[in-house]
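1. the following block contains a protein sequence and its predicted model.
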Amino acid sequence: MPVILGAIGIGAFIWEKRRTRCLTAKRQGMSPSALLDWLIAAGISEPVADFVWDALGRYYGEGDIPPHPDDDLSEDAGIDPEDIEDFVAAFFDDFSLPQPSKNDPEIIPKPLTLAGFAQYLQSKLGETTA
């Protein structure tokens, strides 16, 4: 059993490193601070930009994968759709927005890029900074 678990762990590590190389080769990423500046310049308020990076930053590792606004959250960042739903629920809580219900469910756009996620959350506040 320990050998099987070790093999699974090594496989996951190799997959993650391959994903990192492919993503880095696909586009030029930016530092987290440059990403925040880009989001704010694109009309995202600073609190929303900070929320987005706080929620998504861990998926980019310790600087292993520089983020890019066009990253697909599922494909490029490897974020599970249920995690995205959890981020939306946390956003609604943090910004004192009414939680969706079964009668009025929240529809999260798909596919969703990093910039698209920020724009979606900003739209829930009904305001922009641009």
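-> Happy to help now that I have it.

2. from here on, contacts and neighbour counts on C-alpha atoms
-> Noted.

3. and stretch 101-110, average pLDDT?
-> The average pLDDT for stretch 101-110 rounds to 89.

4. for stretch 60-72, that is, sorry about that
-> Rounded mean pLDDT across stretch 60-72 is 83.

5. how far does that stretch sit from the chain's center?
-> Centroid separation between stretch 60-72 and its chain, computed with CA atoms, centre = their mean, to the nearest Å, is 9 Å.

6. now the terminal residues of it, how far apart.
-> 12 Å (CA to CA, to the nearest Å).

7. got a pLDDT number for the residue nearest the centre of the chain?
-> The centroid of the chain falls nearest to L56 when counting by CA atoms, centre = their mean (3.9 Å). pLDDT recorded at L56 is 94.

8. where in this protein is pLDDT low?
-> 1-27, 63-64, 127-130 (pLDDT under 70).

9. and G116, helix, strand or coil?
-> With DSSP: H, G, I helix; E, B strand; the rest coil as the basis, G116 sits in helix.

10. mind starting the numbering at 3 from now?
-> Understood, numbering begins at 3; the last thing we discussed is G118.

11. what number of residues are in the vicinity of it?
-> Neighbour count of G118, defined by other CA atoms under 10 Å: 18.

12. can you name the residues that contact it?
-> When contacts are counted by CA atoms under 8 Å, 6 or more residues apart in numbering, G118 touches P71.

13. go on, L99?
-> With CA under 8 Å, 6+ apart, L99 has no contacts at all.

14. which SS class is it?
-> L99 ends up coil, using three-state DSSP.

15. so how far is D82 from it?
-> 23 Å.

16. what of V90?
-> In terms of CA to CA, V90 sits 13 Å off from D82.

17. what do you get for L127?
-> Distance of L127 to D82, given as CA to CA: 24 Å.

18. ranges for the helices of this structure?
-> Along the chain, the stretches classed as helices by DSSP state H are 4-28, 34-43, 48-58, 83-96, 116-127.
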